[in-house]
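S.K.: got a sequence here, can you model it:
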Amino acid sequence: MPQTPEADSSRLNVKRNRDVDVIIITGLSGSGRTQVMHVFEDMGYFCIDNLPTGLILQIATAVGLRTGSGRHLAVTCDLKSQDLFGKLTFTLAELSEHGLSYKVIFLDASDEVLIRRYNENRRRHPIAEEGEILSDAIKRERAGLQSTRQHADLVLDTSNMRASELRSIIRSEFAELTDQQMLEVHVFSFGFKHGMPVEADLLIDVRFLPNPFWDPKMRPLTGNDAVVRDFVLEHPVTQDFLVAWKNLLDVVVPGYTAEGKSRVSIAIGCTGGQHRSVAIANVTAEYLELCGYHVAASHRDLMLANVRND
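M.R.: Next up is the predicted model:
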């Protein structure tokens with residue numbers, strides 16, 4: 001493994017790796033290893049926490065790396081495995097012999113921050129011996145991990161890092177997809193008379209738009225029908241609304257991405273969930289797809305509507 005600069009600058013010189021087979025996450029207990037593993041999980045990696053280094057190659061083979069399936073593996077390893085650096089060095093050589101690429105991420109934090117985190121969550125330090133104070137356990141772990149830290153590919157000091165910043169760094173270095181592509185957006189219509197959705201991150205009420213229900217010819221149709229869609233979308237009120245709505249989406253959805261959310265639900269409601277909400281949900285999904293997001297659209301209450309079946 002190449003030599004790594006100090007923790008606060010190492011990530012600036014690391015080449016982005018979009019197609020690494022195995023990611024090994026190690027570092028100080030309490031520095032954010034599990035959080036980083038969850039980021040890789042959101043990116044589609046097969047993830048295992050606290051895996052003995054000697055099993056990495058076996059697991060990599062079992063999950064089908066290098067089979068053309070596009071799978072990747074991320075694992076966390078800690079000092080509970082004695083001589084971590086020696087065993088890890090041997091394991092990395094094995095991976096290379098089998099044609100598997102790898103990167104080692106080392107997470108660090110100051111003693112003061114680690115002590116505060118352990119005091120807040122009231123957990124016992126994983127390598128603390130009976131009667132050993134927390135600061136001594138941290139000091140002993142830091143000494144035992146020094147060689148691993150010096151030879152890691154990426155060193156991150158999380159002392160002053162928000163969780164969202166840590167997620168952003170990992171995704172920018174290793175994600176094969178863009179932030180937009182990684183965010184799953186679910187856009188769905190609903191009818192207020194059938195109950196409010198509880199899963200929505202963003203909800204908009206479009207009952208102020210012109211209602212096709214009052215036209216007997218459109219009443220049995222839905223927002224999926226062209227005549228209803230055109231009636232709703234071509235009205236001047238709707239035109240003004242869509243300008244403001246898209247401007248809002250341009251701010252809110254990237255904001256969710258920046259905070260590290262992996263899934264966002266957008267609910268659009270009208271009275272019955274048959275006409276206006278369906279049309280607006282469809283155009284919303286189309287717009288977000290054009291923006292590069294991974295979008296799924298559905299209509300929660302359409303099956304409850306009294307529609308014509310030709």
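S.K.: Validate this expectation: residue 167 resides in a helix.
M.R.: Yes - per DSSP: H, G, I helix; E, B strand; the rest coil, residue 167 lies within a helix segment.
S.K.: and the pLDDT for it?
M.R.: Looking at residue 167, its pLDDT is 86.
S.K.: just residue 180 next, same as before
M.R.: On the pLDDT scale, residue 180 gets 70.
S.K.: one more: residue 292?
M.R.: pLDDT at residue 292 comes out at 87.
S.K.: with residue 254 as the reference, measure out to it.
M.R.: For residue 292, the distance to residue 254 equals 11 Å [CB to CB, to the nearest Å]. C-beta: built from backbone N, CA, C; applies to glycine.
S.K.: same check, this time on residue 132
M.R.: Residue 132 is 47 Å from residue 254, by CB to CB.
S.K.: before we move on, what about residue 166?
M.R.: Separation of residue 166 from residue 254 (CB to CB): 19 Å.
S.K.: who has more neighbours out of those two?
M.R.: Using other CB atoms under 10 Å, the more surrounded residue of residue 166 and residue 254 is residue 166, with 19 against 15.
S.K.: any idea where the helices of this structure begin and end?
M.R.: For the chain, the helices defined by DSSP state H cover 7-10, 33-42, 56-62, 84-97, 111-121, 134-144, 146-150, 163-174, 179-182, 226-233, 236-258, 276-290.
S.K.: average pLDDT across the fourth one?
M.R.: Which is helix 84-97. 87.
S.K.: report the angle between it and helix 134-144.
M.R.: With axes from the mean of the first three to the mean of the last three CA atoms, to 10 degrees applied, the angle from helix 84-97 to helix 134-144 works out at 40 degrees.
S.K.: who touches helix 84-97?
M.R.: With contacts defined as CB atoms under 8 Å, 6 or more residues apart in numbering, helix 84-97 is touched by 1, 21-22, 24, 26, 53-54, 56-57, 60, 77-78, 81, 101-102, 104, 144-145, 147-148, 151.
S.K.: of these, grab the buried ones for ChimeraX.
M.R.: A single ChimeraX command selects the buried members of the contacts of helix 84-97 (16 or more other CB atoms under 10 Å):
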select :21,22,24,26,53,56,57,60,77,78,81,102,104,144,145,148,151
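S.K.: so which of the contacts of helix 84-97 belong to strands?
M.R.: 22, 24, 26, 102, 104 (DSSP state E).
S.K.: nearest spatial neighbour of the spatially most central residue of the chain, skipping sequence neighbours?
M.R.: For the chain, the residue sitting closest to the mean C-alpha position, by CA atoms, centre = their mean, is residue 262 at 3.6 Å. Among residues not flanking residue 262 along the chain, residue 42 sits closest, at 4.4 Å (CB to CB, 6 or more residues apart in numbering).
S.K.: the nearest residue to residue 197 once chain neighbours are set aside pairs with what?
M.R.: For residue 197, ignoring the flanking residues on the chain, the nearest one in space by CB to CB, 6+ apart is residue 267 at 4.7 Å. Going by DSSP bridges, residue 267 is paired in beta bridges with residue 188, residue 203.
S.K.: wait, residue 267 touches residue 200, no?
M.R.: Yes - Residue 267 is within contact range of residue 200, at 3.6 Å (criterion: CB atoms under 8 Å).
S.K.: which of the two has more neighbours?
M.R.: A side-by-side neighbour count of residue 267 and residue 200, using other CB under 10 Å, places residue 267 first with 22 against 17.
S.K.: now do the same contact list for that one.
M.R.: Counting by CB under 8 Å, 6+ apart, residue 267 touches 188-190, 197, 199-200, 202-204.
S.K.: repeat that with 7 Å
M.R.: 188, 190, 197, 200, 203 (CB atoms under 7 Å, 6 or more residues apart in numbering).
S.K.: what's the pLDDT at it?
M.R.: We have a pLDDT of 97 for residue 267.
S.K.: can you pull out the low-pLDDT segments for the stretch 101-250 of the chain?
M.R.: Scanning the stretch 101-250 of the chain for pLDDT under 70 picks out 177-179, 181.
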